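Novice: after the sequence you'll find the predicted model.
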Amino acid sequence: MRELGWPYLEKLSRQRVMQVQSSTDPPKKLSLGERAVMADGNEYGIVLLKEAGQPVEPVYPTEGTPTISGPTGIFAGAPHPNAAKLFQAWLHTRETQQFFVDFTGQYSLHAQVQPKAGRRKLADIKLMKEDPAGVEAMTEEIKTRYARLFRV
Amino acid sequence: MASVELRSLVKRFGSFVAVDDVSLKIDHGQLVCLLGPSGCGKTTTLRLIAGFLEPSDGEIRVGDRVVSSKSRTLPPEQRNMSMIFQSYALWPHMTVAENIVYGLRLRKMDRDSIAKKLAAILATTKLEPLAQRYPGELSGGQQQRVALARALIVGPGTLLLDEPLSNLDANLREEMRFEIRRLHDEYRYTTIYVTHDQSEAMTTADLIAVMNAGKIDQLGSPEDIYARPESEFVARFIGAANVIKGIARDATHVEFAGATLEVVGARLTAGQSAPVAIRQHEIQLSTRVPPAVPNTLKAVVTRQVYLGMNRDYMVETADGTSLRVTTPTETAVEKGSEVWLTLPPERCRALSR
Amino acid sequence: MTTTTNPTPKPRIDWTRPVLWLFAAVLILLILLPLSWLAVYAFTDKNRHPTLQNFVTLFSNPDFLDPLLTTAIIATTSALICCVVAAPISWLVSRTDMPGRQTIRALVTASFVTPPFLGAVAWELLAAPNSGLLNQLYRLFAGEDADALFNIYSMTGIIFVISCYTFPFVFVLVANALDTMPGELEDASAILGGNAWTTARRVTIPLALPALVAGALIAFLHAMTLFGSPAILALPAGFHTMTTKIWSLFQYPPKLELAAAAAVPLLVLTILLLQGQKALLGRRGYSVIGGKYGAPRRVKLRGWRWAALGFCLLVLLNPVFLPYLALLNAAFSPNATTLVTPSTATLHNIVFVFTELSSTQLALKNTVILGTATATIGTILALVIAYVTTRKVIAGHRVLGFLATAPVAVPGIVLGVGLFLSYTRPPFVLYGTLWILLLAFLTINLPSAYQQLQAAFATIHPELEEASRILGATRLQALRQITAPLLRTGVIATWCFIFIGVMRELSAAIAVLGIAMLVITFAVVLAVNQIPMSGGNAGAKLRNG
């Protein structure tokens, strides 16, 4: 939206786009053969499908790819803050992160973690920057306009 | 109006024979009761006549037309009959008036005639104030009268009644018996009335057919059935008679408990066992040896109950047979006493079965 | 015979009243708390100042008006279709000599116990425009580029799927009415000269009408408040129903006031319809009056017997045969929308669900715990309340009876909103625990449990209990030793009813739950969402369980 503006989404909405409920749904529809192309959703889902032998291929737009980061944290009032810290420390070790990458097909920001075999390096994909504060401020407008356009 | 005739009618349900070779002719205008204990086949016979069931064998004629036979059964709606059901079967979604005129509407009668007939039948059955009520809002007796009105208004060729009084309380039942007889005398439809209550049958019927195990055991006027039973079943079922088992000495005498009884009724064959019926209030009980009268025998009192109007005795004869005897209250005898019984010959009925 | 006089039993404290009051309190809490919070939120703003602004938004904003209209269309059409389909089938099964009547009854029951969302998943596999098995089959004949024959992602599709799993409600009611309608009522018409058609028109149909109206009503309410099927089918089709809209209001940032307000029209409509039904039937009696009745005579269909059976089977193709075949296929196929062949058949899916999908074990365990706990507590609660109302033990027993049946008029999603508002704040912070589900299922299942047990109580004469009390038992002892054993069948039936209900219920759960909470129905949804082709796994699992 930030890069392309509402007119692009308006044009897109006229193309009989199928909306689904969860970001895990699009790869499923692709796998069933219901639709040929998906946008948004989890690209690691596609990677896993491809590894399972399905005829799919992730494509990264030259204009840039939106990213979704998966943050973790500790509640201020957590009953066992030290245990939580210990868990965080373990979670961010190279081994744990490498395991996640190998098992789920996601990317890690850990410098020593290698992308899964056969995957493009994160650095080779043009990423679009997240802007949580900007989104938060516009959340009501975005949701309303999007809902009107795509009737969800 | 027409006569109704059953010819060798049979109805089987699987291997069970509910109606077993029943033949019966009902002249038109007659009221016949099918009387018997539950399960005797009387309701099945009625449903066969109505056309709700198809006979397994035999036929049913109305006038000279065969309405039911093994090969062809005219549907109920084409028989010009009407019926009062045990449950009354009033349609709960129609008012009393709508229930009553249903049959007339089906007969495409014009409005004015319907209204006239409705008014007349409402008056006869004393239902005028209830015409716009729904059946759920009526008492049992009122529902019964609606059922009666609904059945009578169409002027049926044949009227069928299936235990119509069994859901009423005792007082109302007695009243309605006479009411049904009165209405029958007024309209004179050929009527078949099913009941298990002998006094109901006695009050209403011209003819009673006592049924047992799918067969007609005895057919006759109420008086015939009561006073001249032919079988042990009829004797016991109607008026709870004592039945003693003796041995015939000749055509009119029976050996029983060391005495010789003179009897009337069925012709006996010497040497054969002979059941004899006698009602409890027709036996005389005395503490003294009666002067030389026939049919006297000795017995011992085993039970005595004071009932207000009379006394009820249980006595045992020499051969161990128990007999019930009803006496006036003045005849008071202790339990264990020896007594003499006199069984008047004209009251001792030898039974053929 | 000798008799000995035993000493009078020692006077004990009769705990009856305290215990009964405790149950009454629990009931009030269970029902009134959610509805009160619902009312508070619907009529206030974020700072809890009274306002009607929520309703103004609701009825002026097309984002809410459209789902309202959509829901009305779906509910009305589904109810009509259900009646048109269920009425003839119930008549055929109940009143004719059609062959295979028992089988048809059993098959309708099978569609009755199919969770509606599972039916929706199966129909996705069958009739998704591109990948649906039926559409693939159609393209075999019509050519590769032919347009889809069926599109389940559409209003028609949703109405179709909802009708598939709603018509059993109408069937059960109408068939039951026809079963219990005395045959003599029809015989009485026949003997007065009414032929088969007249009798049907003047007697049978009018007498079955109240059941049909009640069935239509329940179908309407069910279709209106259903969440599972629209959640799966409406979004891809590009529209919301009221239930999915309410659900979306819970997503970040949650708009609880609007959700509460949006639930109110559903609640009001439900109550109005239930009241309207009473007014419609009015003074006419439809219940059977007095006496014993013979079994009804069956209508002879003669040459039409097999045609009738064919019709029933054709109808049942939609809710039972096709969906279950699709699920079965999916369970053994590497891809849910590819027809399985002996060479491609695989047990991978089933093995995966039971051994690898980490949520399955937990979900299974939680479902059993929840089902057992809800069924047990619910049965006891319903039992005590039914006792109180039939035996009129404490003052205010009428109010209790009313409260116990009140949730009938509260659609699942509405109750879900109320429960969410009630149990996410002190004194009952239960969000994210099994307890909130327990309370939800308890509340939802209470009315039918109560009604079943009340009917059971009514058949037990109070003198049986009084005989026990005159011999020295307290009320609770009499209840435990005399009444309870006599009620055993009813109690077991009620327990099973609730247990199955818990397995089936989803709509309140979704609204109440964080996505992390795992109950088996929930795990199915998760599995469908997360792993390709595992819709069939879910099917396999449910059939086995």
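Specialist: Here it is on my side, so go on.
Novice: can you name the residue of the stretch 301-450 of chain C nearest chain B?
Specialist: C:R302 (13.7 Å; C-beta to the nearest C-beta). Placement of C-beta: from N, CA and C, glycine included.
Novice: remind me which residues of the stretch 1-150 of chain C are low pLDDT?
Specialist: Within the stretch 1-150 of chain C, the stretches with pLDDT under 70 are C:1-16.
Novice: where does it get nearest to chain B, residue-wise?
Specialist: C:D97 (13.7 Å).
Novice: ok, and the closest non-adjacent residue to that residue?
Specialist: C:R298 (4.7 Å; C-beta to C-beta, 6 or more residues apart in numbering or on different chains).
Novice: C:T96 is in contact with that neighbour, correct?
Specialist: Yes. Using C-beta atoms under 8 Å, C:R298 is in contact with C:T96, at 5.7 Å.
Novice: more crowded one of these two?
Specialist: Remark: of C:R298 and C:T96, C:T96 carries more neighbours, 16 against 13, as counted by other C-beta atoms under 10 Å in any protein chain shown.
Novice: tell me the contacts of that one?
Specialist: Taking C-beta atoms under 8 Å, 6 or more residues apart in numbering or on different chains, we find C:T96 in contact with C:R298, C:V299, C:K300, C:L301, C:R305, C:A308.
Novice: ChimeraX command to pick out the buried ones of the residues you listed?
Specialist: To isolate the buried members of those in ChimeraX, using 16 or more other C-beta atoms under 10 Å in any protein chain shown:
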select /C:299,301,305,308
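Novice: same list, the contacts of C:T96, but as JSON lines with distance to C:I271 please.
Specialist: What follows is those, written out as JSON lines (distance: C-beta to C-beta, whole Å):
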{"residue": "C:R298", "distance to C:I271": "40"}
{"residue": "C:V299", "distance to C:I271": "39"}
{"residue": "C:K300", "distance to C:I271": "44"}
{"residue": "C:L301", "distance to C:I271": "42"}
{"residue": "C:R305", "distance to C:I271": "44"}
{"residue": "C:A308", "distance to C:I271": "39"}
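Novice: from the contacts of C:T96, which land in strands?
Specialist: Members of the contacts of C:T96 lying in strands (criterion: DSSP state E): none.
Novice: run a quick neighbour tally on C:L35.
Specialist: C:L35: 19 neighbours (other C-beta under 10 Å).
Novice: gap between the one residue in chain A that gets nearest to chain B and C:S78?
Specialist: Proximity to chain B, evaluated over chain A using C-beta to the nearest C-beta, is greatest for A:R151 at 46.7 Å. Computed as C-beta to C-beta, to the nearest Å, the A:R151 to C:S78 distance reads 21 Å.
Novice: so between the two, which is more surrounded?
Specialist: Between A:R151 and C:S78, counted using other C-beta under 10 Å, the more crowded position is C:S78 (27 against 16).
Novice: could you measure from the more buried one over to C:F239?
Specialist: Distance from C:S78 to C:F239, by C-beta to C-beta: 15 Å.
Novice: who are the packing partners of the helix or strand hosting C:N329?
Specialist: If you go by DSSP states H and E, C:N329 is part of helix C:322-332. Packing partners of helix C:322-332 (3 or more C-beta pairs under 8 Å, 6 or more residues apart in numbering or on different chains; DSSP states H and E): helix C:116-127, helix C:133-142, helix C:348-351, helix C:535-544.
Novice: quick check: residues of chain A near chain C?
Specialist: Contact residues, chain A versus chain C (C-beta under 8 Å from any C-beta of the partner chain): A:18-22, A:24-25, A:27-29, A:31-35, A:49, A:139, A:144, A:147-148, A:150-152.
Novice: pull out the buried residues from those.
Specialist: By 16+ other C-beta under 10 Å, these give A:18-22, A:24-25, A:27-29, A:31-35, A:49, A:151-152 as buried.
Novice: please flag which of those residues sit within helices.
Specialist: Of the positions in those, A:D25, A:P27, A:K28, A:K29, A:S31, A:L32, A:L49 sit in helices, assigned by DSSP state H.
Novice: hmm, C:N335 and the fifth one touching each other?
Specialist: Meaning A:S31. Yes. Taking contacts as C-beta under 8 Å, A:S31 lies within contact range of C:N335: 6.8 Å.
Novice: hang on, isn't C:L92 packed against C:R105?
Specialist: No. Using C-beta under 8 Å, C:L92 is not in contact with C:R105, being 10.6 Å away.
Novice: higher neighbour count, the two?
Specialist: C:L92 (23 against 18).
Novice: tell me which residues touch the more buried one, please.
Specialist: Going by C-beta under 8 Å, 6+ apart, C:L92 touches C:M98, C:R101, C:I104, C:A308, C:F311, C:C312.
Novice: one more time with 6 Å, if that's ok
Specialist: By C-beta atoms under 6 Å, 6 or more residues apart in numbering or on different chains, C:L92 lies in contact with C:M98, C:A308.
Novice: quickly note the distance from it to C:V320.
Specialist: From C:L92 across to C:V320, the span is 17 Å (C-beta to C-beta).
Novice: using the three-state scheme, assign A:Y60.
Specialist: Classification of A:Y60 using DSSP: H, G, I helix; E, B strand; the rest coil returns coil.
Novice: same question, B:R324
Specialist: Under three-state DSSP, B:R324 comes out as strand.
Novice: how about it, nearest residue that isn't a chain neighbour?
Specialist: In this structure, B:R324 finds its nearest non-sequential neighbour in B:Q280, 4.3 Å apart by C-beta to C-beta, 6+ apart.
Novice: residue 74: neighbour count?
Specialist: Reading this off chain A. For A:I74, the neighbour count with other C-beta under 10 Å is 14.
Novice: was after chain B, sorry
Specialist: Counted with other C-beta under 10 Å, residues neighbouring B:L74 total 15.
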